[in-house]
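Participant: No sequence on hand, only this structure:
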């Protein structure tokens, strides 16, 4: 981590920030609290649309301070009432150098991240980058013009079980990849968290996109086309979506497919918030991961049976006896903070991060698949081709002419 005291602005105050609506501690807030307590970052600022959300987050921070033995504070916007543009005031007031973590509904990513970049602040956007390729291309081009680093918070790239799979593929232990299958679902209560903007997202765009990015990250392959079917319930939107994606390996032009089955209608009393599995099959072997049943089960009178994932985002005592947040969720956030600090210090260059991080450029394939899947749903499950030119930044295409 750089010695630069980087100020951090969080735009959004919901579930992933502080656990609102999910009964958890969140990931972003505790990660930043720990980073500031350890002297790794400077001021923390949080912008929401309502002062009541800021007040609620302050209560959560008070609870976490008590548990962690910290004395962290944040500057909140708006101070009173409601203001959908409160983040702009925060962008004006946050000390530089600064970065921002954008944790807002998908359809707002483009507009808000545009403002962040124009303010000269490095953005980390919680997945997906945007719902459309044109919006993603706009952000890539704008970040390049302002010489800023933009990244997407695809934390599954930091999960050790996925990294082990990546190594097996790199070592050619699985041979030529034939197919990958993913099952990923969450409790019905999660659908309720999105009630206010469910018409602007769906379960594939929210959950399935994690594994679209993961397939690209694991194999380096690019998507060629996608088809999708889905089931609707009594409420608006899709209860479940099944997507088939055809990929091509750049060097060999060999093709394989991935199937991603997702829903957010699991019973609320299931033993874990997320039920997720991935299998990758090649000509020499297979790799299977049950990312729900990690081997840790907690049974209590109050909570019943819980399948605990100790590797994602958990607060527990470390080996040194100090309480802290651990896991690949906070680790992905800390990596971004470290990278931005190194850029500011001059010890890292922007080009050093391209291809080795979930940069805006490297996340174009996931956005292209989202757009193709959403189009396929509108077309009753037709194949939708992905234009290869959509998988590289506009700037790169222009410079090659």
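Facilitator: Arrived safely. Since this is a predicted model, take the numbers as computed values, not measurements. Numbering: from 1, shown residues only.
Participant: what about residue 290, how many neighbours?
Facilitator: For residue 290, the neighbour count with other C-beta atoms under 10 Å is 15. Bear in mind the C-beta positions are built from the backbone N, C-alpha and C, glycine included.
Participant: ok, it - contacts?
Facilitator: Residues near residue 290 by C-beta atoms under 8 Å, 6 or more residues apart in numbering: residue 277.
Participant: if I look at it, how far off is residue 182?
Facilitator: Applying C-beta to C-beta, to the nearest Å, the value for residue 290 to residue 182 is 12 Å.
Participant: got it, and residue 279?
Facilitator: The value you get for residue 279 to residue 182, if C-beta to C-beta is used, is 8 Å.
Participant: so which strand or helix has the nearest residue to residue 211 once chain neighbours are set aside?
Facilitator: The shortest distance from residue 211 to any non-neighbouring residue, by C-beta to C-beta, 6 or more residues apart in numbering, is to residue 182 (4.5 Å). If you go by DSSP states H and E, residue 182 is part of strand 177-187.
Participant: Mind listing the strands that strand pairs with, and their directions?
Facilitator: Using DSSP bridges, the strands paired with strand 177-187 are strand 255-266 (parallel), strand 274-282 (antiparallel).
Participant: can you give me the strands for the stretch 201-350 of the chain?
Facilitator: Counting by DSSP state E, counting those that start in this stretch, the stretch 201-350 of the chain has strands at residues 222-232, 238-248, 255-266, 274-282, 286-290, 296-300, 304-308, 314-317, 323-326.
Participant: a markdown table for those, including distance to residue 341?
Facilitator: As requested, the strands of the stretch 201-350 of the chain are arranged in a markdown table below (distance: least, C-beta to C-beta, whole Å):
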| stretch | distance to residue 341 |
| --- | --- |
| strand 222-232 | 31 |
| strand 238-248 | 35 |
| strand 255-266 | 35 |
| strand 274-282 | 31 |
| strand 286-290 | 32 |
| strand 296-300 | 33 |
| strand 304-308 | 32 |
| strand 314-317 | 24 |
| strand 323-326 | 19 |
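Participant: show me what contacts the closest residue to residue 70 other than its chain neighbours?
Facilitator: Distance criterion C-beta to C-beta, 6+ apart; nearest residue to residue 70, sequence neighbours excluded, is residue 37 at 4.4 Å. By C-beta under 8 Å, 6+ apart, the residues touching residue 37 are 68, 70-72.
Participant: so where's the stretch 1-150 of the chain uncertain?
Facilitator: 1-4 (pLDDT under 70).
Participant: Mind jotting down where the helices sit in it?
Facilitator: 15-18, 28-37, 51-68, 86-93, 109-118, 133-145 (DSSP state H, counting those that start in this stretch).
Participant: Can you add distance to residue 211 and give these back as TSV?
Facilitator: Converted to TSV, these look like this (distance: least, C-beta to C-beta, whole Å):
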stretch	distance to residue 211
helix 15-18	18
helix 28-37	22
helix 51-68	30
helix 86-93	30
helix 109-118	19
helix 133-145	18
